[in-house]
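J.: build the 3D model from these lines:
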Amino acid sequence: MTTTAAPATAPFRFFDVHVVRSRRLGPSMVRITFAGERLDELASGGRDQRFKLFLPQPHQDRPVFEDTGEGWYAAWRVQDPAERPVMRSYTIREQRPHTGEFDVDFALHGAGPDASVTAGGPASRWAAGARPGDRLTVLAPVVQDNGGVDFRPPAGTDWILLTGDETALPAIAGILSWLSPGTRAKVWLEIGHEDDRQPLPSFADTDITWLVRDHAGGEPVLDALRAAELPEGTPYAWVAGEAGTVKAVRRHLVRERGIGRRAVKFTGYWRRGATEEDLIAELTAGTAPSDED
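T.: The predicted structure is shown next:
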């Protein structure tokens, strides 16, 4: 999962965590359970709650920071790239305060024991080989109402539209589990393999369409949306996944479906051909592509 904005420290806090267990969810996903001291202070807002995860470099046994105070981001940027922690953004899939644990689902992007050493990115490769005791650092919320939650349907919303690929699956699962009974939700999810399907429990009235990606090309989510009959009433759309697909879906919803721009929340979690380091460099240099049509 990729977002380019770095949160301020407050209302977020650094936590040192370690891997408790790892469980494969399907060909493309693995769930890592983390524990650590003071995790009772972590206060997830649920839904699509994101946080920053910091990986050690291959020669380190834990992430090495020069500053974890208010100036952490500036210090991290100028730290030696061979020493500074690898930063990624992820979703808190589930938090269990009574046990001091939380889960994170990682999309592997082809990484795994039989894959080439360059398959996937650093986080995917780390997750594919994670073992109990492996140590990380996270920058996570300590208040429930925080800027790391984007799913905020306004009053007067009649139904919910959700789209994403496997990188957005944890957030969509969190959103669906949060929705109230009687809420109508239509969901389109693109996955790499049939076995990547997961149970997505919800109190809402959900209509979920799973789209197995054709590796020869195409835009499964966009094609399915163009062919779909949408409900009447006022929608709120949440769109996430690969940045190019996200922009195309938003354009379709606004231009062809007439949904108001403010009723479409969209986030590029990753971009083909770019790492998060590339995206951060673009952002800080002022050369990031515009999200506007």
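
J.: make it CA atoms for all contacts and neighbour counts henceforth
T.: Will do.

J.: for the stretch 101-250 of the chain, what spans make up the strands?
T.: Secondary structure of the stretch 101-250 of the chain by DSSP state E, counting those that start in this stretch: the strands cover 101-107, 135-141, 159-164, 184-191, 205-212, 235-242.

J.: dump these to TSV, plus mean pLDDT and mean neighbour count.
T.: Converted to TSV, the strands of the stretch 101-250 of the chain look like this (pLDDT from 0 to 100; neighbours: other CA atoms under 10 Å):
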stretch	mean pLDDT	mean neighbour count
strand 101-107	97	23
strand 135-141	98	23
strand 159-164	98	23
strand 184-191	98	21
strand 205-212	98	16
strand 235-242	97	24
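
J.: so for Gly45, which of those strands sits nearest?
T.: For Gly45, the closest of these is strand 135-141, at 8.2 Å, according to CA to CA.

J.: and the closest one, what does it pack against?
T.: Applying 3 or more CA pairs under 8 Å, 6 or more residues apart in numbering; DSSP states H and E, we find strand 135-141 packed against strand 12-26, strand 50-55.

J.: could you dump these to CSV with distance to Glu101 and mean neighbour count?
T.: What follows is those, written out as CSV (distance: least, CA to CA, whole Å; neighbours: other CA atoms under 10 Å):
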stretch, distance to Glu101, mean neighbour count
strand 12-26, 8, 18
strand 50-55, 15, 23
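
J.: and of those, who's closest to Ser180?
T.: Here strand 50-55 is closest among those (CA to CA), at 21.1 Å.

J.: could you list the buried residues of whatever helix or strand comes next after that closest one?
T.: As assigned by DSSP states H and E, the chain's next helix or strand after strand 50-55 is helix 72-78. Within helix 72-78, the residues that count as buried by 16 or more other CA atoms under 10 Å are 73, 75-76.

J.: that older thread, distance to Val143 and mean pLDDT added to the helices and strands packed on strand 135-141, as a markdown table?
T.: Conversion of the helices and strands packed on strand 135-141 to a markdown table gives the following (distance: least, CA to CA, whole Å; pLDDT from 0 to 100):
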| stretch | distance to Val143 | mean pLDDT |
| --- | --- | --- |
| strand 12-26 | 8 | 97 |
| strand 50-55 | 12 | 97 |
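
J.: need these in TSV (columns: distance to Asp134).
T.: Putting the helices and strands packed on strand 135-141 into TSV (distance: least, CA to CA, whole Å) gives the following:
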stretch	distance to Asp134
strand 12-26	5
strand 50-55	10
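
J.: nearest to Gln144, out of those strands?
T.: Gln144 lies closest to strand 12-26 among the helices and strands packed on strand 135-141, at 10.3 Å (CA to CA).

J.: partner strands of that closest one, with direction?
T.: Strand 12-26 has the following strand partners under DSSP bridges: strand 29-35 (antiparallel), strand 135-141 (antiparallel).
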